[in-house]
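J.: I would like to see how this sequence folds:
(4 chains)
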Protein chains: 2
Amino acid sequence: MQKKKTSTRTVTRARAAKVAPGTGSRSAATRERILDAAEKLFAERGYHGVSIRDVTGAADVDVALVSYHFGSKQGLLEAVFLRRAADLNDERLALLDAVLASGGRRAPRLEDLIDAFTRPLLDRSTRGSPGWKSYFALIAEINNSPEFGGVLMTRFFDPVVQRFIEAIRRALPQCDDRDLYWAYHFLSGALTLTFAETGRIDKLSGGVCRSSDLASVHERLVPYCAAGFRALCVSGQARARARAKRGRA
Amino acid sequence: MQKKKTSTRTVTRARAAKVAPGTGSRSAATRERILDAAEKLFAERGYHGVSIRDVTGAADVDVALVSYHFGSKQGLLEAVFLRRAADLNDERLALLDAVLASGGRRAPRLEDLIDAFTRPLLDRSTRGSPGWKSYFALIAEINNSPEFGGVLMTRFFDPVVQRFIEAIRRALPQCDDRDLYWAYHFLSGALTLTFAETGRIDKLSGGVCRSSDLASVHERLVPYCAAGFRALCVSGQARARARAKRGRA
DNA sequence: GTTGAAATTCAACGAACGTTCAACTAAATT
DNA sequence: AATTTAGTTGAACGTTCGTTGAATTTCAAC
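T.: Sure thing, here's the model as predicted:
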């Protein structure tokens, strides 16, 4: 199964392609076209549900360019993921710093922290380029997928998440770490499903709720999760007291 | 694109296959084998990430049997979905009725309702056959997928969900319907991500939390979501008061 | 034991899959 | 103007895809 071709000159080019060929100016445009199309299609039908030809067809570009620019289909997925992650993480951290700075030495307000974590998604989905909606739908699928969930999400987002959890720990200093992490986990599930906009709640509610009305959802997501964090905090202390009592008995 | 074959005798058999061929006893066993393998693989790699040959290979069965028993690959997915849905829904409704009955005329406790909705998942994932874990992972992917999320979930689960929301409405009679539905939406996201067991929280928490320790998660999921429901309820009333005040002004 | 339907097997269909290669174009370097 | 290089193209590679038709086996009813 090893490559037998004693390839001659072309090897250097192929190797170079694997690294990252795009520095020229006219390549950047086609790279973006491919990323836009891939983002949309991956979000709609999932990674395996989309062929490279689907992507290049939608981008009106030759098939071979995916391998050339991104090395492989998997490389394309990671590039899609990476493209918007930096921007998203940057604003999240900026908002987090602003919340922490405005409070001075005082503990930050829990609602402000959750808002700083989630508002960048709201802003981009409602006012950003339409690609952001696809991006968030893709993240929702990835986040819930055993195949990619534990890998891609961790790599691209966990450093920022860690900083938020540290801040939340300051807001709820008496809270057990396990309760803190699980509370974040629930927030993560609610958040990704919300910004995936699958439309299921529209049918379920008979039109009372609209997935696309993200401002209304976000307005509710923050108090919902803040209350959840606090409840876990107190119920965790109750559990600890019960354990201590059992220990003494 | 229409079938030109003036097919003679075999048509009756083929038609019958589309409906549901399995009544014989030895067919039931192979059907189950196929469903088990499909459930596991769909959960691991998603619908499009699994080929029919992957499934029949794992089930040690001929390729053609999927078309014979389930009509098509999509038919197989729906059969996987349907197989455990009835059992799950039945116990959910039984627990719901028990909660409502035990309370008599009084409003049910919110925590009891959320527990009735979620505990059947906990029981089956921890004590049921291992196929249940795959099933819940598959549901998580479907729930967050634009392609299937709004269709399959609605068809198989929404009737039961509606009954729960009615019961929750009795527990929070002053709560606005929009707040109620959105609160359920957040619960749904947290629930599906939890039982998907993607393992992401294990890495994020550095081992403090374990996805596989579902009893600990469930113990926290209930108070988290109950507090969320109540918080939405009161913040919804605050919003209503604010709207009324603006109206008078 | 024969019959007949249900279940299974085998082989193959055309289409689509991800990837690669050599040839070609266009821009930058000398 | 000549040469190099990044970018693009079209074609093809071998493989796998979902599905199908016909032949074969299994098993219960007669």
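J.: and the helix or strand harbouring A:Gly75, anywhere near DNA strand D?
T.: Assessed by DSSP states H and E, A:Gly75 sits inside helix A:73-103. No: applying Cβ under 7 Å from any atom of the strand, one finds that helix A:73-103 is not in contact with DNA strand D, the shortest distance being 12.6 Å. The way it works is simple: take the backbone N, C-alpha and C, and place the C-beta from them, glycine included.
J.: beyond that helix, next helix or strand please.
T.: helix A:110-127.
J.: helices or strands next to the first helix or strand past that following helix going along the chain in the packing?
T.: Sequence-wise, the next helix or strand downstream of helix A:110-127 (DSSP H and E) is helix A:131-143. Counting contacts by 3 or more Cβ pairs under 8 Å, 6 or more residues apart in numbering or on different chains; DSSP states H and E, helix A:131-143 is packed against helix A:25-45, helix A:73-103, helix A:110-127, helix A:177-196.
J.: before we move on, back to that, which secondary structure elements does the helix holding A:Gly75 contact?
T.: Using 3+ Cβ pairs under 8 Å, 6+ apart, helix A:73-103 sits against helix A:25-45, helix A:52-59, helix A:64-70, helix A:110-127, helix A:131-143, helix A:154-171.
J.: change it to 7 Å
T.: Here helix A:73-103 touches helix A:25-45, helix A:64-70, helix A:110-127, helix A:154-171, going by 3 or more Cβ pairs under 7 Å, 6 or more residues apart in numbering or on different chains; DSSP states H and E.
J.: so which of these is nearest B:Asp115?
T.: helix A:110-127 (25.2 Å; Cβ to Cβ).
J.: tell me if the closest one is near chain B.
T.: No: if you take Cβ under 7 Å from any Cβ of the partner chain as the test, helix A:110-127 misses chain B, and the best it gets is 10.3 Å.
J.: where does pLDDT dip in chain A?
T.: For chain A, residues meeting the criterion pLDDT under 70 lie at A:1-25, A:249.
J.: which residue ranges make up each domain of it?
T.: A:7-71, A:83-248 (automatic domain parsing).
J.: count the residues that sit near whichever residue of chain A sits closest to DNA strand C.
T.: With Cβ to the nearest atom of the strand, the shortest gap between chain A and DNA strand C falls at A:Ser51, namely 2.9 Å. Other residues lying near A:Ser51 total 14 when counted by other Cβ atoms under 10 Å in any protein chain shown.
J.: and it, how far from chain B?
T.: 10 Å (Cβ to the nearest Cβ, to the nearest Å).
J.: and what of A:Phe117?
T.: For A:Phe117, the distance to chain B - Cβ to the nearest Cβ - is 14 Å.
J.: what's the neighbour count on the residue nearest to that residue when sequence neighbours are not counted?
T.: Of all residues not flanking A:Phe117 in the chain, A:Phe164 sits nearest, at 5.3 Å (Cβ to Cβ, 6 or more residues apart in numbering or on different chains). Burial measure for A:Phe164: 18 neighbouring residues, criterion other Cβ under 10 Å.
J.: was I right about A:Ser125 contacting A:Ser134?
T.: No: the pair A:Ser125 / A:Ser134 is not scored as a contact, 10.0 Å apart, by Cβ atoms under 7 Å.
J.: for the top helix by length along chain A, buried residues please.
T.: As assigned by DSSP state H, the longest helix anywhere in chain A is helix A:214-248. Residues of helix A:214-248 classed as buried by neighbour count (16 or more other Cβ atoms under 10 Å in any protein chain shown): A:214, A:217-233, A:235-236, A:239.
J.: swap in stretch A:26-38?
T.: A:Thr30, A:Arg31, A:Arg33, A:Ile34, A:Leu35, A:Asp36, A:Ala37, A:Ala38.
J.: again with stretch A:71-85
T.: The neighbour-count check on stretch A:71-85 (16+ other Cβ under 10 Å) flags A:Gly71, A:Lys73, A:Leu76, A:Leu77, A:Glu78, A:Ala79, A:Val80, A:Phe81, A:Arg83, A:Arg84, A:Ala85 as buried.
J.: any part of it near DNA strand C?
T.: Yes: interface with DNA strand C: stretch A:71-85 contributes A:Ser72, A:Lys73, A:Gln74 (Cβ under 7 Å from any atom of the strand).
J.: the residue positioned nearest the centre of chain A: what's its closest spatial neighbour, skipping adjacent residues?
T.: Residue closest to the average C-alpha location in chain A (Cα atoms, centre = their mean): A:Ile139, at 4.8 Å. Once flanking residues are discounted, A:Ile139 sits nearest to A:Thr192: 6.1 Å by Cβ to Cβ, 6+ apart.
J.: against B:Gly236, how distant is that neighbour?
T.: Computed as Cβ to Cβ, to the nearest Å, the A:Thr192 to B:Gly236 distance reads 23 Å.
J.: again with A:Leu122
T.: Computed as Cβ to Cβ, the A:Leu122 to B:Gly236 distance reads 19 Å.
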